[in-house]
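**Q** build me a model:
(one chain, ligands or ions: 2)
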Amino acid sequence: MNLILLGPPGAGKGTQAKLIEEKRGLKQLSTGDMLRGAVAQGTEMGKKAKAVMDRGELVSDDIVVSIIAERLDKPDVKKGFILDGFPRNQAQAEALDRMLDDKGLKLDAVIEMKVDDEALVERIAGRYTCAKCGKGYHDRFEKPKKAGVCDVCGSTEFVRRADDNEKTVRDRLQIYNKQTAPLVDYYGRTGVLHKVNGMADIAQVTRQIEDVLGRS
Ligand code: ADP
Ligand code: AMP
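**A** Ligands and ions are numbered 1, 2, ... in the order given. Just a heads-up that it's a prediction; the model follows:
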């Protein structure tokens, strides 16, 4: 099964993608995570992307399309994949269609996660992850069971993203509304678009998504 989670920054795409990955054995493909990996490793691509990402703008289509094209050829996506943060504009959506056609793959569901802007700002401001295993947390909405200790790997080191500050968040939301939100109409025409209420708590959003997947 191949899915897209479509929603603004902070909507909960990464949180839900990891839960679906665990439950269904599908592979999460987050272009944001891959780009942050390239920045951390100091690769040529990472060097090009860093300043753009820090400003909250979109990295060039060529870069993200080639990352995804390469990733879709790896054996670990054979059982299916969950695209998280890609595509982000019409050109990327069209490139994805061509790629899937070439590889004989199809999309089973595009799930739009709807969340109000103020809730997004609060979610992003409180977001942090385990520095060792990448498990995501939130200051208010998803705390580790034992304060300061990762539930998954026991690490006591956590990191916050450089672009998760209020100014950049508002710019990222504007870019989402202008460039990415029109993809709702794009996928609305394909018959595989489903909407879930992303304002619900994490477990309830998971249930809504499972419901959609059960019908797809
Ligand atoms: P995205 O991948 O869409 O940018 P994340 O999955 O990283 O968003 O979620 C942003 C932050 O909000 C994280 O700190 C996460 O723990 C928290 N979060 C995710 N889903 C919910 C939810 N349904 N209710 C409250 N907080 C949530
Ligand atoms: P995310 O982790 O999805 O919030 O993405 C973080 C940042 O990475 C974005 O603000 C962009 O700068 C960059 N990025 C991630 N995915 C894409 C994409 N599909 N197209 C362009 N830029 C992207």
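**Q** so where is the protein shaky, pLDDT-wise?
**A** Under the criterion pLDDT under 70, no range of the chain is flagged.
**Q** got the residues of it near ligand 1?
**A** 7, 9-15, 123, 126-127, 136-138, 141-142, 201-202, 205 (Cβ under 6 Å from any ligand atom). Every residue, glycine included, has its C-beta placed from N, CA and C.
**Q** would you mind listing which of those residues are buried?
**A** In those, burial by neighbour count holds for 7, 9-15, 123, 126-127, 137-138, 142, 205, counting by 16 or more other Cβ atoms under 10 Å.
**Q** can you list the residues of this structure near ligand 2?
**A** Counting by Cβ under 6 Å from any ligand atom, the chain sits next to ligand 2 at 9, 31-32, 35, 52-53, 56-59, 64, 85-86, 88, 92, 163, 172.
**Q** can you select the buried ones from these in PyMOL?
**A** Buried residues within the residues of the chain next to ligand 2, by 16+ other Cβ under 10 Å, are selected in PyMOL with:
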select buried, resi 9+31+32+35+53+56+58+59+64+85+86+88+92+163+172
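**Q** out of the residues of the chain next to ligand 2, which are inside helices?
**A** 31, 32, 35, 52, 53, 64, 92, 172 (DSSP state H).
**Q** isn't the fifth one right up against residue 35?
**A** Yes: the pair formed by residue 53 and residue 35 meets the contact definition of Cβ atoms under 8 Å, at 6.3 Å.
**Q** list residues touching both of the two?
**A** residue 59 (Cβ atoms under 8 Å, 6 or more residues apart in numbering).
**Q** just want the most central residue of the protein.
**A** Centroid check for the chain by Cα atoms, centre = their mean gives residue 84 as the closest residue, at 2.9 Å.
**Q** same for the helix or strand harbouring residue 212, what does it pack against?
**A** Element membership of residue 212 [criterion: DSSP states H and E] is helix 202-215. Contacts defined by 3 or more Cβ pairs under 8 Å, 6 or more residues apart in numbering; DSSP states H and E place helix 202-215 against helix 13-24, strand 109-114, strand 193-197.
**Q** buried set for it?
**A** Buried-residue list, helix 202-215, by 16+ other Cβ under 10 Å: 205, 206, 208, 209, 212, 213.
**Q** isn't the third one right up against residue 195?
**A** What it means is residue 208. No: counting by Cβ under 8 Å, residue 208 sits too far from residue 195 to count as a contact (9.1 Å).
**Q** hey, what's in contact with both of those two?
**A** When contacts are counted by Cβ under 8 Å, 6+ apart, residue 208 and residue 195 have no shared neighbour.
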